[in-house]
Each structure stands twice: as C-alpha cells, then as structure tokens.
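*Asks:* this one's structure only:
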C-alpha cells in the first residue's frame, strides 16, 4: 500500500516547525518503512467540528509499505501529529499494488 500524509510547517499554536525537524521526520519514516518521498509544499485548510479554520503550508509525503503495517502507519502518523502539536492529521491510503521498485543492476 501507499500512504500519503501532510507534515505541517506550523504547530496549531502558530509556532513554526523547523526544517531540521521536518527533515528528521522524513528520515524517520524512510528508516521505518524503507523509503519516503517528499512531494513538496502544499497549501491547505481544514475546518474542525467547532468551526475553527486551520490553514497551513505542509510537506506532502508518501511512503510505500506492506498492507499488514496499517496499524503501525496510523500509530506513527498520530505520533507525528502529537509531536507537532496538531489537533488532527491527514492520512490517505492507496491499496493499489501496481507500484514497485525495480532493480536496475
């Protein structure tokens, strides 16, 4: 499966997330799941159940891993959200297994 998440550039209290912290999160995902791709910055907004609008520029990351790791993926994204002071985090799953890494040697 492939999962996509957005890593915010700011905590919900408005303080910025450093480039070093963003890079560390990417590295942790790459080490845990065998790779991570940074698709670059994206802008978005989200309206919570109380009507509060959250806007941010995020880094869109995708990671491919085995379907059996679904619970682990949810846990790690939730952990990143807590670490970055987020009320919620976006996660999207693509269970199409057509994508693969091919050996070029």
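*Replies:* Thanks, I have it. Worth saying up front: this structure is predicted, and the values here are computed from it rather than measured.
*Asks:* go through the host helix or strand of residue 41 and flag the buried ones.
*Replies:* Secondary structure from DSSP states H and E places residue 41 in strand 37-47. For strand 37-47, burial by neighbour count (16 or more other CB atoms under 10 Å) applies to no residue. To be clear about C-beta, it is placed using only N, CA and C from the backbone, and glycine gets the same treatment.
*Asks:* helices or strands next to it in the packing?
*Replies:* For strand 37-47, the packing partners by 3 or more CB pairs under 8 Å, 6 or more residues apart in numbering; DSSP states H and E come out as strand 53-64.
*Asks:* how far does the strand it packs on sit from the chain's center?
*Replies:* With CA atoms, centre = their mean, to the nearest Å as the basis, strand 53-64 stands 6 Å off its chain's centre.
*Asks:* just checking, what packs against it?
*Replies:* Checked by 3+ CB pairs under 8 Å, 6+ apart, strand 53-64 has strand 2-8, helix 19-33, strand 37-47 packed alongside it.
*Asks:* what are the contacting residues of the strand holding residue 41?
*Replies:* The contact list for strand 37-47 (CB atoms under 8 Å, 6 or more residues apart in numbering) reads 6, 9, 26, 53-63, 88, 90.
*Asks:* please consider this matter closed, and thank you.
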